[in-house]
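A.B. asks: Model the following, please.
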Amino acid sequence: MSAAHVVMYSTSYCGYCMRARSLLERKGVAINEIKVDEDMREREIMMKRSGRRTVPQIFIGDRHVGGYDDLAALDRAGELDQLLASKS
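C.D. replies: Numbers count the residues shown, from 1 in each chain. This next block holds a predicted model:
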């Protein structure tokens, strides 16, 4: 049960986005998914917020987690559940 607000910038046909979505769904997390291929303004916002051009870009609360590899590394380290439980 997640208390943290999760935002994921993604595109429609992105394998890493699908993996990130799947991992977060397995954790029972509701994701506010923003499709940057449908709105170029959202891509610009994503790049300003994250400093990166690639998708996915994932934010948990105010923290920029990064992409799928970063998310999976947090999970392997046992830190993702704690981050998702925070009310940041």
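
A.B. asks: Okay, buried residues for the lowest-mean-pLDDT helix or strand in the chain please.
C.D. replies: Across the helices and strands of the chain, mean pLDDT, DSSP states H and E gives its lowest value to helix 80-85, namely a mean of 95. Within helix 80-85, the residues scored as buried using 16 or more other CB atoms under 10 Å are 80, 83, 84. C-betas here are computed from N, CA, C, even on glycine.

A.B. asks: so can I have TSV of the residues you listed showing distance to residue 44?
C.D. replies: Formatted as TSV, the buried residues of helix 80-85 follow (distance: CB to CB, whole Å):
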residue	distance to residue 44
80	28
83	26
84	27
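
A.B. asks: returning to that earlier point: residues making contact with the least confident helix or strand of the chain?
C.D. replies: Defining contact as CB atoms under 8 Å, 6 or more residues apart in numbering, one finds that helix 80-85 is touched by 1-4, 6, 27, 29, 60-61, 63, 65, 71, 74-75.

A.B. asks: Just checking the distance from that helix to the centre of its chain.
C.D. replies: Centroid displacement of helix 80-85 relative to its chain, using CA atoms, centre = their mean, to the nearest Å, is 13 Å.

A.B. asks: cool, stretch 15-28 as well?
C.D. replies: Centroid displacement of stretch 15-28 relative to its chain, using CA atoms, centre = their mean, is 9 Å.

A.B. asks: List the buried residues for it?
C.D. replies: For stretch 15-28, a neighbour-count test (16+ other CB under 10 Å) marks 16, 17, 19, 20, 21, 23, 24 as buried.

A.B. asks: Show me which of those residues is closest to residue 38.
C.D. replies: Nearest to residue 38 among these: residue 17, at 13.0 Å, using CB to CB.

A.B. asks: Next SSE downstream of whichever strand or helix holds that closest one?
C.D. replies: Assigned by DSSP states H and E, residue 17 falls within helix 15-26. Per DSSP H and E, the first helix or strand lying C-terminal to helix 15-26 is strand 31-35.
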